[in-house]
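Engineer: What follows is a predicted structure for the sequence shown.
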Protein chains: 2
Amino acid sequence: MTAIIMPAISTHPPYGTHAAVTSPPAGVDLAVTVDTLVRGVHFPQDTPPADIGYKALAVNLSDLAAMGAIPDWAAISLTHPKADDAWISAFNDGIDQLANRYHLRFPVADMGIGPLAITLQIHGQVPHGQALRRDSARPHDLIFVTGTIGDAGLALARRFSAEKYRHIPEKHCGFIEQRLARPSPRVHEGIALRGIATAAIDISDGLAADLSHITDATGLGATLEVERLPLSPALRQLPDRTQAWRLALSSGDDYELCFTVPPEHCKTLRQAARHFSCPVTRIGRMEKRPGLRILDKNGKTFSRAGGYRHFVEKIPSEASPRTDEACGK
Amino acid sequence: MTAIIMPAISTHPPYGTHAAVTSPPAGVDLAVTVDTLVRGVHFPQDTPPADIGYKALAVNLSDLAAMGAIPDWAAISLTHPKADDAWISAFNDGIDQLANRYHLRFPVADMGIGPLAITLQIHGQVPHGQALRRDSARPHDLIFVTGTIGDAGLALARRFSAEKYRHIPEKHCGFIEQRLARPSPRVHEGIALRGIATAAIDISDGLAADLSHITDATGLGATLEVERLPLSPALRQLPDRTQAWRLALSSGDDYELCFTVPPEHCKTLRQAARHFSCPVTRIGRMEKRPGLRILDKNGKTFSRAGGYRHFVEKIPSEASPRTDEACGK
């Protein structure tokens, strides 16, 4: 951990110390991420403040996880229309629940009046030269994904048309809502993947789009097999498996890790994965031929919905029920 | 300078790489600042994008200057209602004009749709343990300020009531508008003050308010002499000198440095100041007795306007003429 020299105490809460000095230890690289979440764009108008805080931190921790870095400290800048004490207290509670898990500190922070938006930057540490990258996958590497994917997408789809998904049992609705509101950044998994994975990325924009960042960065291609995609019991409730696969491929917001592993490292991965908090599933393979190919069990191209359009599809324009009340009844 | 490991090239422009790894050199402390600027709160609705970019960077560089740090790299997160290419290009031009002066790099950046807001975090380097602080001023230290103060406040006052200030010559109006739109962060001055100043802060909220951060952090007090306040020729045009002093004490947005120097370092300061790009003026003295005292030439308490109310007084609710057209005619 780096030593925070100034100020002596954390500014979280209260906000307001713009500047600090830290002393990074020798031999480590500093991994940094930055991301802004805006109300009505990245989360619905009626999202509870604790969920906003939790998710804002989770989203940034997920980026850090994809580099295999140990979270160290964060800078937060918050604008709120009226600096409502109760709101900020609940927001801080949401952040703290996740921050405490990683002993994350907040040496610099800024708060101002403005439309509700949260910018977080997180700093992590990784031994020199060992950060996971996007551009170092190799042909014949196997492609894996942590956890299950498509859950947050299903939660959002259900907000648009609750009636259409009313057959989903209540317990599954709770699960997918939690996946959307409070994703689990795969921090420990990312750290364990150092030296095993050749490349890694987190799934924020949809598996297909994020995997394309790896193929674009390497000039390689990839083939995915839809039947291998890890679907949660909630997603398996959908009568149309094709829709489940489309959600898994394109809806994003899952904050799982997608990573590539050379065949000779697969045994090491299997051993490491015993300590993971989530399953790991092989879903495809890197190839020399550029482009992303998605195949069904017959080896035919699987037709999927268009890419994930972050600002267009994500948030219903009108606040819709977000609780489990509309579910399973 | 730290080496930016990933990505290989700067993301400025375009925006969109959330994560990077840097390798800090041994023996340096990392100075960090974070600040968000929101349209209609921190700058008027009609501010040209190049000025917004320039000022967003200047404001953060000024915080770094007050620590005596060498600017190294920055993280930017921008939200814009429609990601207008021409706007972003002009905004980048404004940033670049200042960033290039300090060889500042932008390894991580994020851009999204939302109300116009800019969050910048800047990282600087300072030899271990040498960062300027707020809490280490001592009794009998002399208080200095760089440049002139109150200029940005006069520019804002003129926007509220152009008629009232029409006697100010055009060249002075251009000067104060420039001071408001494109402040000069005192980066080189801050670096030169290491080992000379005991404490430093930049003047963003008004001299009196910012000096109070030093007295609060030390438990000491201070006495200022209004007659010593450095006023620009523009401010000296005001028929009422009392108004000029009030602007200098309370209006803020000048981004000059206020710092304390022990009497035995004054000769060294004088030598260092020969290389400054601005004058340095002694304006008062630190004292054991807590509180801030502001005296006129007769030693009587100077009555000043209330503290600087950032979100209330700063921006006219209706866009008002910002050019020199209303000036000196």
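Structural biologist: Good, I have the coordinates.

Engineer: So which residue is smack in the middle of chain A?
Structural biologist: The structure's chain A has its C-alpha centroid closest to A:Tyr255; by Cα atoms, centre = their mean the separation is 1.9 Å.

Engineer: Now it: phi and psi?
Structural biologist: Here the main-chain torsion angles of A:Tyr255 (degrees, to the nearest 10) amount to phi 60, psi 40.

Engineer: Please enumerate the helices of chain A.
Structural biologist: For chain A, the helices identified by DSSP state H occupy A:49-65, A:85-99, A:151-160, A:170-181, A:187-192, A:207-218, A:241-250, A:266-273, A:310-313, in order along the chain.

Engineer: which residues does the residue nearest to the centre of chain A contact?
Structural biologist: A:Tyr255 is in contact with A:58-59, A:62, A:183-186, A:202-204, counting by Cβ atoms under 8 Å, 6 or more residues apart in numbering or on different chains. (Each C-beta comes from the backbone N, C-alpha and C, glycine too.)

Engineer: Flag every buried residue along stretch A:41-59.
Structural biologist: Applying a neighbour-count criterion of 16 or more other Cβ atoms under 10 Å in any protein chain shown, the buried positions in stretch A:41-59 are A:41-44, A:47, A:49-59.

Engineer: Is there proximity between that stretch and chain B?
Structural biologist: Yes - using Cβ under 8 Å from any Cβ of the partner chain as the criterion, contacts between stretch A:41-59 and chain B involve A:41-42.

Engineer: Enumerate every residue touching A:Ala83.
Structural biologist: With contact set as Cβ under 8 Å, 6+ apart, A:Ala83 has these partners: A:111, A:113.

Engineer: before we move on, the earlier item: wait, which of the contacts of A:Tyr255 is closest to B:Gly68?
Structural biologist: A:Val59 (33.9 Å; Cβ to Cβ).

Engineer: burial count for A:Asp96?
Structural biologist: Here the number of neighbours of A:Asp96 (other Cβ atoms under 10 Å in any protein chain shown) works out to 18.

Engineer: ok, it to B:Asp35 distance?
Structural biologist: Relative to B:Asp35, A:Asp96 is positioned 23 Å away (Cβ to Cβ, to the nearest Å).

Engineer: Spatially nearest residue to A:Leu238 (excluding sequence neighbours)?
Structural biologist: By the measure of Cβ to Cβ, 6 or more residues apart in numbering or on different chains, the closest residue to A:Leu238 outside its immediate chain neighbours is A:Ala244, 4.7 Å from it.

Engineer: and that neighbour, what pLDDT?
Structural biologist: Among the per-residue scores, A:Ala244 holds a pLDDT of 95.

Engineer: can you check A:Ile113 too?
Structural biologist: Value for A:Ile113, per-residue pLDDT: 90.

Engineer: Also A:Leu98?
Structural biologist: Among the per-residue scores, A:Leu98 shows a pLDDT of 94.

Engineer: what about it, neighbour count?
Structural biologist: The tally of other residues near A:Leu98 (other Cβ under 10 Å) stands at 22.

Engineer: I'd like to know how far it sits from B:His18.
Structural biologist: Between A:Leu98 and B:His18 the computed distance is 18 Å (Cβ to Cβ).

Engineer: repeat for A:Asp210
Structural biologist: With Cβ to Cβ as the criterion, A:Asp210 and B:His18 are 12 Å apart.

Engineer: ok, now how distant is the residue nearest to A:Leu238 from chain B?
Structural biologist: For A:Ala244, the distance to chain B equals 28 Å [Cβ to the nearest Cβ, to the nearest Å].

Engineer: Contacts only, for that residue.
Structural biologist: So A:Ala244 contacts A:150, A:154, A:231, A:235-236, A:238 (Cβ under 8 Å, 6+ apart).

Engineer: Recalculate using a threshold of 10 Å.
Structural biologist: Contact partners of A:Ala244, counting by Cβ atoms under 10 Å, 6 or more residues apart in numbering or on different chains, are A:149-150, A:153-154, A:226, A:229, A:231-232, A:234-238.

Engineer: So which of the residues you listed is the closest to A:Thr281?
Structural biologist: When the contacts of A:Ala244 are ranked by distance to A:Thr281 (Cβ to Cβ), A:Leu229 comes first, at 7.7 Å.

Engineer: you'd agree that closest one is up against A:Leu207?
Structural biologist: Yes - A:Leu229 sits in contact with A:Leu207 when judged by Cβ atoms under 10 Å, with a separation of 7.7 Å.

Engineer: so what's in contact with these two at the same time?
Structural biologist: Each of A:145, A:149-150, A:247-249, A:283-284, A:294 lies in contact with both A:Leu229 and A:Leu207 under the rule Cβ under 10 Å, 6+ apart.
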